[in-house]
Structure formats: C-alpha cells, structure tokens
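S.K.: okay, sequence plus prediction incoming.
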Amino acid sequence: MRKILLGLVVFPLMSIAQEKPTEKNPDKFKQMYDLLATPNMYRTASGAPGPEYYQQQADYKIDIELDDRNTKLYGQETVTYTNNAKESLDYLWMQLDQNQQSRKSLSPMVESNVTDPVMSPKGFSRKYLEEDFDGGFNIEYVKDASGKAMNYTINQTMMRIELATPLKHGEKISFSIKWWYNINNYRLDGGRSGYEQFEDGNRLYVLAQFYPRMAVYNDVEGWQNQQFWGAGEFALPFGNFDVNITVPADHILEATGELLNRSEVFTPAQLARYAQAEKSFDKPVIVVTQAEAEAAEKGFSTQKKTWKFKATNVRDFGISTSRKFIYDAMAVKLASRNTMAISLYPKEGNPLWEEYSTRIVAHTLKSYSSHTFDYPYPKAISINAEDQGMEYPMICWNWGRPDADGKYSDRVKHGMMSVIVHEVGHNFFPMIVNSDERQWTWMDEGLNSFLEYVALMEWDPNFPADRGPAKNIVPYMSGDEKGLEPIMSNSESIRQFGNNAYGKPAAALNILRETVMGRELFDYAFKTYANRWKFKHPTPEDFFRTMEDASAFDLDWFWRGWFYTTDFNDIGIKEVKKYFVSNEPSKEVKDFLKTRRRRNRIEGPMVYMIADGSESYKPEMNKPFEIKDCKTLQEYVEKTFTKEEQAKLKTPKYFYQVTFDKPGELVMPIIVELTFEDGTTEMHHFPAQIWRMNDKEANRTFATDKAIVKIKVDPKEETADINTTNNSWPKEEVKSKFD
Ligand SMILES: [Zn+2]
C-alpha cells in the first residue's frame with residue numbers, strides 16, 4: 001500500500017480509550033432479542049399478525065333497565081362466544097369490573113394509608129363513620145342455552161364459568177346471565193362510571209362496565225388473569241351487540257352503536273333537526289334544545305322508553321342518559337366515508353359545550369383518521385360528565401364546565417378541548433387498535449396522547465398542549481430515579497401514571513417523528529401499525545417491530561432507552577478548540593512522531609493543524625485560512641486539479657473541533673446549531689449512532705467559511721435534554737430564577 005505522503009492529518013494526541021461493551025456498560029445499539037418475545041406464527045418478526053393469528057369473538061344481546069329513583073341498574077344478557085383458538089377451552093372467564101366497587105373489593109386493601117392530620121367533617125365521616133358504598137354485581141343466575149344452571153366461581157373481579165364439555169376450535173357457546181347493581185355516585189365513591197347528582201334532584205348517568213364482559217383469551221396470555229385493581233383498564237374481545245335500554249320516558253340517551261328506533265324516542269321536531277344535522281358538515285345542529293332539556297328536568301316521568309342499539313365489531317358498550325341532556329350533532333366527511341360527531345351536555349355545560357364540543361369531536365375524527373385509518377364507526381359522542389375523562393367505543397365522558405354565571409377561563413376551555421380530543425381519540429387506541437390495557441397503559445394512553453398532541457397542533461399550532469413537546473417531559477425524566485419506572489411497566493406498578501404512561505411515550509413518539517425519523521417515514525410506519533392491528537390485539541413487540549419494519553430505521557436503541565429504562569438525555573459541549581493550518585509541525589506533533597518506530601514515521605511534506613492555545617500556537621496564525629498560506633497544500637492542489645476543478649473546491653477558513661460529552665445515559669442524536677459572526681446560522685444533525693463506539697464523548701470538526709461565534713446543542717429543545725446549562729459555547733450565563 002502506498003504511503004500517504006500528503007493529506008490533512010489531524011493527530012488525535014489524546015485519543016479517548018474506546019469503551020468495550022460489558023455487562024455493566026452494555027452496547028446500547030444491541031438488538032433487543034433479550035427483551036422481546038420471540039416471533040412466531042401468531043405474531044411475526046415484522047410486527048404484523050402471522051398466518052396463525054386468531055382472536056376470539058364475543059357477541060352480546062343485552063336488556064337493561066335503569067331505576068332512576070333508586071339508582072339501580074338491572075340487566076340480563078345472552079353471550080355467544082366463539083372459540084377461534086386451535087386449542088379447546090375447559091372454562092370461560094368473564095370480567096366483573098363493577099366488583100371493584102364492592103365492599104369485599106381488595107383494591108383498598110393493597111393501598112398503604114396514613115392518619116390524615118386534618119380532615120373535613122365530611123371527609124372524617126366518610127372515612128371513619130359511614131359504611132362504604134354497597135356496589136358490585138349481584139349475579140342472579142348463569143344459565144346455558146337450554147336454561148340449565150351453569151357452575152361458576154367468582155374471584156374478585158373475575159368469574160369462571162365451567163363448561164359441561166370443552167369448547168373446541170370453531171365452536172360457539174351461548175349462555176345467559178342476570179344481574180343487578182347499585183349505581184355509584186362517582187363524585188363521592190369514585191369510578192369510571194356512575195352518576196352525577198345535581199342539586200335540582202336530577203342525575204346524569206354515565207354507564208360502563210355495567211354488564212359481565214368476556215375476558216380476552218389469546219396467544220400471549222391465555223386467559224387474561226390480572227384482576228381489575230383500578231388502574232390497569234380493560235382487555236376485551238371484539239363482538240356485535242344488540243342492546244335494549246329502558247329508562248324514564250323523559251330521558252335523552254346515547255350509547256355505542258346505531259340507534260334503531262329513533263322515531264320512537266325523539267319528537268317529530270327532534271327527528272327533523274337530526275335529519276338536518278346529518279347534512280350539516282360545517283357546524284353542529286341543536287337536536288334537543290336547552291329549552292326542551294330545561295322543561296324535562298323539572299319533571300320525573302313514571303313512563304318508560306326503550307332505546308334500541310345495534311353495534312358491530314366493537315369491544316365494549318357504553319351508555320349515557322339523563323333528562324338534563326341538550327343534544328347537538330354534525331356530519332363529518334372523511335376521505336372514504338361520512339360519520340357523525342355528537343355531544344350531549346346539561347345546561348350547566350353551556351355556553352362552552354354548545355360552542356366547542358361537537359366541533360372538536362369532528363376535528364379529532366378527521367385528524368386521527370388522516371394518521372391511521374378512516375374512523376369506521378357511524379358516530380362519535382362526547383358526553384359532559386364532571387370529573388370524568390373516560391372512553392368507550394363511539395362514546396366518551398369529558399369534564400369541563402363554565403362557572404355558574406357562564407364565564408370560563410382559557411384554562412377550562414383548553415382543558416375541556418384537550419380531554420375531548422383525548423377521549424374521542426381513544427376510539428382509535430385502544431377501542432379499534434385493541435391493545436391490552438390491563439397490562440400496558442402506555443400502548444393506548446401513550447399512542448393516544450401523542451396523536452392528541454398532533455391533533456391539537458393541527459387545530460391551532462399555538463394550542464397550549466402539555467403532553468407531547470419534548471421539553472415538557474424533562475421535569476419527570478430528570479426526577480429522582482428511585483421514583484421512576486420504565487414505560488414498559490405493568491399498569492398497576494406505575495407511580496406517576498400521567499407522566500409515565502401518557503407524557504413520556506407521547507414525547508418519545510414526538511421526538512421519533514420530528515427528530516429521529518422525520519415525518520414522512522414515521523407517519524408511514526405509524527399508519528402501517530394502525531392498519532395492521534385495527535380490530536386486532538397488538539402487543540408492544542408488534543408496535544416496536546412494525547415501526548422499524550416499515551421505515552428501515554433500526555430503533556432498538558430508542559425502544560431500549562426510552563421504554564425499558566429510566567435513563568435521561570443530557571448532551572453537552574465539553575470543549576471547543578480552534579485549529580490553524582501550518583507548514584510546520586507543532587511541538588506536540590514532533591514529540592508524538594519521536595515515539596513512533598521508524599517505519600511508521602510519516603515522511604515528506606505534510607499539512608499540520610495547530611490548536612489554539614498549544615505551545616506552537618502563534619498569535620499571527622489567528623487569521624482566516626487561505627490555501628496559499630500553506631505551501632505543501634497549494635502544491636498538491638495545483639498538481640492534482642485543473643483550474644476549473646480548483647474553482648469548485650471548498651474554501652474553509654476556520655476549523656473548530658467540538659467535543660460533545662454525554663452525562664446522560666440515553667443515546668440520542670446530536671443536534672448542533674452554529675451561529676456565525678454575521679448572525680447567520682447552520683444546523684448539523686448527527687444520528688444517535690455517533691455514540692456507538694464511545695458512550696461518553698464524541699468529537700466533530702467543523703470547517704467553515706465564516707467565524708463561529710456560538711455553538712448550541714439542541715437549540716429548539718426537541719430531545720428532552722434535562723440539563724441545558726452545558727449546551728452552549730461559549731457558556732451562557734444561566735439566569736437565576738430570582739433574577
Ligand atoms: Zn386516556
């Protein structure tokens with residue numbers, strides 16, 4: 001091999017020892033075979049459902065009746081369960097989530113509690129004097145299709161139904177259950193459903209988890225067997241529902257599914273207004289007016305009405321009913337189909353709700369559809385239920401009301417709009433992309449909080465969104481690591497629920513989209529995930545793998561760091577050295593060459609780079625570099641290139657070696673902004689892989705035409721860098737918060 005005689009040689013005099021990956025210092029770019037489930041015929045290595053993928057089907061026929069006077073709900077259901085697994089099932093498991101409200105519930109028993117030093121009389125009374133609310137299912141019977149009683153066992157919030165003969169692959173079984181329960185006042189007793197008591201004597205019901213629901217059986221868990229403790233939400237199979245709901249005749253009601261008998265429950269005027277709403281794509285139409293609602297809430301009908309709904313391919317069913325409801329609706333045009341946006345609210349929600357709810361529902365459906373798939377259901381309903389933010393297929397409960405005088409702050413308005421986007425957005429994750437909420441809160445809350453942020457930015461780029469922007473997760477990620485757990489933690493084991501399962505994954509995905517992958521590749525991959533898994537049951541692996549599979553981005557380093565650890569990002573500028581080109585070697589270079597054996601010596605004319613501040617640096621060097629300043633370089637250029645080629649050569653005049661250090665454990669891209677003496681700036685983006693050989697330090701030399709006056713790492717705060725005091729050169733004065 002020919003000796004290198006000429007060339008710009010920068011000798012790394014103090015090269016940093018490369019860190020060999022060890023168990024203590026693992027390779028952060030290693031594939032995650034140690035963490036992910038092995039791909040199989042159900043779930044492939046690409047992240048797509050495999051050829052053996054199956055899921056169970058649970059169809060329901062339900063009749064329920066609300067006793068509004070006594071706040072009780074009575075129900076009877078017939079479940080038809082289809083076993084699509086290759087294996088036979090000896091028993092079935094159902095979820096009795098209402099039992100979390102039972103006096104026998106173990107949920108309060110797994111919480112530590114202390115003696116409050118100060119309590120209101122009401123608080124003291126509820127804690128020490130009064131009996132707990134008497135909630136939970138009262139099961140009257142479980143019968144097979146022939147009417148014969150079936151054996152069942154209840155373990156807290158789950159019920160095992162024994163089968164006389166195993167249910168084989170492809171077989172169906174039908175059975176019936178009758179039950180009732182006391183409905184909880186959720187503002188007193190908590191819960192994701194129940195009723196709100198108004199001073200005028202009326203109630204506003206939001207009913208969910210109101211029927212025994214089939215648990216998920218699949219290739220990952222077998223029967224889902226984690227109890228409902230209260231934090232980890234639900235895991236439910238898809239099915240079709242026929243539901244008849246009997247309520248006082250003066251109630252207005254909405255629920256999951258298509259209303260089959262609108263003409264029996266609406267007045268002719270309301271029917272006409274609803275027909276108008278179905279054609280109104282630009283603004284909501286009031287279907288049940290405030291005057292009608294105010295008239296209804298003064299009475300208490302002893303007559304009954306039955307509302308009949310049919311829902312296809314949903315994982316759950318929710319209902320909201322009250323005689324206080326105002327109802328408005330508008331049509332929504334999506335790329336491939338139309339749907340309806342609907343809101344129900346008491347007069348206490350106005351004027352806020354009439355103005356914003358249905359409009360933001362419509363916007364959410366359009367925004368989410370454009371990032372996933374067209375919303376496949378006939379409607380999306382937003383219910384105003386104070387203190388609630390909870391989602392079911394096609395229907396959700398949302399808080400946010402003006403003061404009694406109708407005035408509201410921007411905070412209330414923005415909070416109400418955010419919660420509506422969020423809960424309507426849950427139609428996509430997890431109602432359609434049906435992940436296991438009992439195990440992984442982040443799979444629905446994190447993905448949904450991310451798209452909520454995207455939708456809010458599409459509504460108004462200045463919307464004060466709290467979850468999504470990278471810098472908003474810094475206070476959490478820089479907190480005491482003893483109080484943190486990785487995103488990949490079970491839903492019941494998360495201390496800071498909102499930060500861990502909503503904020504951090506939303507910020508992570510936003511960073512992935514804006515900073516790591518770019519919108520085009522990210523959006524395609526995210527859409528691929530949504531479409532692969534819509535109406536199916538994905539796992540974390542399916543998400544991680546699809547995002548890589550569809551983008552050609554190896555992201556194991558990102559998933560490992562952001563989802564499997566509590567590491568934080570901190571990248572700083574340790575040192576900036578200016579270099580000057582010289583015909584003469586510096587003293588350091590001479591010393592270095594002496595230590596080399598003769599045959600390794602570099603001979604012939606060389607170009608030398610002298611560092612500012614080194615012994616050989618002379619003040620006269622401090623001027624913009626020209627090729628003619630360096631004899632050997634000029635000779636080389638003239639000998640090698642034609643005049644024409646020479647004119648095209650770059651003309652760097654300044655050389656800066658920047659040493660980046662990384663006190664943080666996360667590996668992240670280095671984003672650098674150079675500011676020149678004339679005030680112009682230039683961005684440089686180094687992928688995270690720059691850290692693959694050395695996890696602590698990275699060096700880059702910038703050869704520029706203009707002198708640099710400022711270098712800043714992550715100038716737009718897009719990487720959740722927890723310490724920005726080390727991000728600038730020269731060091732910026734940090735203003736004390738007392739200034
Ligand atoms: Zn949520």
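M.R.: Arrived safely.
S.K.: give me the low-pLDDT residue ranges for this structure?
M.R.: Along the chain, segments meeting pLDDT under 70 span 1-25, 596-603, 733-739.
S.K.: so who does the residue most central in space within it touch?
M.R.: In the chain, the residue lying closest to the centroid (C-alpha atoms, centre = their mean) is G446, at 1.7 Å. Contacts of G446 were listed using C-beta atoms under 8 Å, 6 or more residues apart in numbering, and they are 487, 501-502, 504-506, 508-509. In short, each C-beta sits where N, CA and C put it, glycine included.
S.K.: let's see 6 Å
M.R.: G446 makes contact with 501, 505-506, according to C-beta atoms under 6 Å, 6 or more residues apart in numbering.
S.K.: G194 too?
M.R.: Counted by C-beta under 6 Å, 6+ apart, G194 has contacts 183-184, 186.
S.K.: torsion angles phi and psi at the residue nearest to A362 when sequence neighbours are not counted?
M.R.: Nearest residue to A362, sequence neighbours excluded (C-beta to C-beta, 6 or more residues apart in numbering): A341, at 4.0 Å. When quoted as degrees, to the nearest 10, the phi and psi of A341 stand at phi -110, psi 130.
S.K.: ok, A341 touching H363?
M.R.: No. Counting by C-beta atoms under 6 Å, A341 does not reach H363; the two are 8.6 Å apart.
S.K.: more neighbours: which of the two?
M.R.: Comparing A341 with H363 by other C-beta atoms under 10 Å, the one with more neighbours is A341, at 27 against 22.
S.K.: ok, that one to S357 distance?
M.R.: Distance, A341 to S357, by C-beta to C-beta, to the nearest Å: 9 Å.
S.K.: just to revisit the earlier point, so which of the contacts of G194 sit within helices?
M.R.: Among the contacts of G194, DSSP state H puts Y186 in helices.
S.K.: quick one: which of the contacts of G194 is nearest I627?
M.R.: Checking these against I627 with C-beta to C-beta, the nearest one is Y186 at 77.1 Å.
S.K.: neighbours around the closest one, how many?
M.R.: The burial count for Y186: 23, using other C-beta under 10 Å.
S.K.: check the gap between the residue nearest to it when sequence neighbours are not counted and I381 for me.
M.R.: Closest residue to Y186 apart from its sequence neighbours, by C-beta to C-beta, 6+ apart: G194 at 3.5 Å. G194 is 18 Å from I381, where distance means C-beta to C-beta.
S.K.: tell me where the stretch 401-550 of the chain has helices.
M.R.: Here the stretch 401-550 of the chain has its helices, by DSSP state H, counting those that start in this stretch, at 410-425, 441-459, 474-477, 497, 504-511, 519-533, 540-549.
S.K.: so which of the contacts of G446 is the most crowded?
M.R.: A506 (29 neighbours).
S.K.: check contacts around the residue nearest to that one when sequence neighbours are not counted.
M.R.: Sequence neighbours aside, S449 is the residue nearest to A506 in space, at 3.8 Å (criterion: C-beta to C-beta, 6+ apart). S449 makes contact with 467, 502, 506, according to C-beta under 6 Å, 6+ apart.
S.K.: any chance of those in a markdown table, plus distance to V288?
M.R.: Formatted as a markdown table, the contacts of S449 follow (distance: C-beta to C-beta, whole Å):
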| residue | distance to V288 |
| --- | --- |
| R467 | 34 |
| Y502 | 34 |
| A506 | 36 |
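S.K.: quick one: which of these is nearest to V243?
M.R.: Y502 (30.8 Å).
S.K.: wait, isn't the closest one in contact with M443?
M.R.: No. Here Y502 does not reach M443: they are 11.6 Å apart, not a contact under C-beta under 6 Å.
S.K.: hey, where'd the strands end up in the stretch 501-650 of the chain?
M.R.: Applying DSSP state E, counting those that start in this stretch to the stretch 501-650 of the chain gives strands spanning 572-582, 608-611.
S.K.: pick the most deeply packed of those strands.
M.R.: Neighbour counts (mean count of other C-beta atoms under 10 Å) averaged over each of the strands of the stretch 501-650 of the chain peak at strand 608-611, with a mean of 20.
S.K.: mind checking how far Q689 is from G232?
M.R.: Taking C-beta to C-beta, one finds Q689 at 36 Å from G232.
S.K.: what is the neighbour count of N338?
M.R.: N338, neighbours per other C-beta under 10 Å, totals 14.
S.K.: contacts only, for it.
M.R.: A331.
S.K.: how much space between it and N240?
M.R.: From N338 across to N240, the span is 22 Å (C-beta to C-beta).
S.K.: list the backbone torsions phi and psi for A698.
M.R.: Per-residue torsions, A698: phi -140, psi 140 (degrees, to the nearest 10).
S.K.: roughly how far apart are the residue lying closest to S301 once chain neighbours are set aside and F325?
M.R.: Spatial nearest neighbour of S301, chain neighbours left out: D250 (3.9 Å); criterion: C-beta to C-beta, 6+ apart. According to C-beta to C-beta, D250 and F325 sit 10 Å apart.
S.K.: what about V332, which SS state?
M.R.: strand (DSSP: H, G, I helix; E, B strand; the rest coil).
S.K.: that one: neighbouring residues, count only.
M.R.: Counted by other C-beta under 10 Å, the residues lying close to V332 total 22.
S.K.: ok, now F497?
M.R.: When neighbours are counted by other C-beta under 10 Å, F497 comes out with 13.
S.K.: so it versus K618, what's the distance?
M.R.: 62 Å.
S.K.: now swap in A37 and tell me
M.R.: Taking C-beta to C-beta, one finds A37 at 64 Å from K618.
S.K.: equivalent analysis for Q56, please.
M.R.: Relative to K618, Q56 is positioned 80 Å away (C-beta to C-beta).
S.K.: next: D316.
M.R.: 78 Å.
S.K.: before we move on, the earlier item: make a markdown table out of the contacts of G446 and add distance to K413.
M.R.: A markdown table is the format used below for the contacts of G446 (distance: C-beta to C-beta, whole Å):
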| residue | distance to K413 |
| --- | --- |
| A501 | 26 |
| P505 | 26 |
| A506 | 21 |
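S.K.: return the member of those nearest to G664.
M.R.: Using C-beta to C-beta, the contacts of G446 come closest to G664 at P505, 18.5 Å.
S.K.: the closest one contacts W442, correct?
M.R.: Yes. Contact criterion C-beta under 6 Å: P505 and W442 qualify, at 4.5 Å.
S.K.: what residues are shared contacts of the two?
M.R.: Going by C-beta under 6 Å, 6+ apart, residues that sit against P505 and also against W442 are I487.
S.K.: which residues in the stretch 101-250 of the chain form helices?
M.R.: For the stretch 101-250 of the chain, the helices defined by DSSP H, counting those that start in this stretch occupy 121-124, 186-189.
S.K.: which residue ranges of the stretch 201-350 of the chain form strands?
M.R.: Counting by DSSP E, counting those that start in this stretch, the strands of the stretch 201-350 of the chain are 203-207, 213-214, 217-218, 222-223, 239-248, 252-255, 258-259, 285-288, 304-314, 319-322, 326-333, 338-345.
S.K.: strand partners of the second one, parallel vs antiparallel please.
M.R.: According to DSSP bridges, strand 213-214 has the following sheet partners: strand 89-95 (antiparallel).
S.K.: can you pull out the residues in contact with the strand it pairs with?
M.R.: Outside strand 89-95, the residues touching it (C-beta under 6 Å, 6+ apart) are 83, 158-163, 166-167, 212-215, 223.
S.K.: any of those buried? List them.
M.R.: Neighbour-count burial (16 or more other C-beta atoms under 10 Å) applied to these gives 83, 158-161, 163, 167, 212-215.
S.K.: before I go, just wanted to say thanks for your time.
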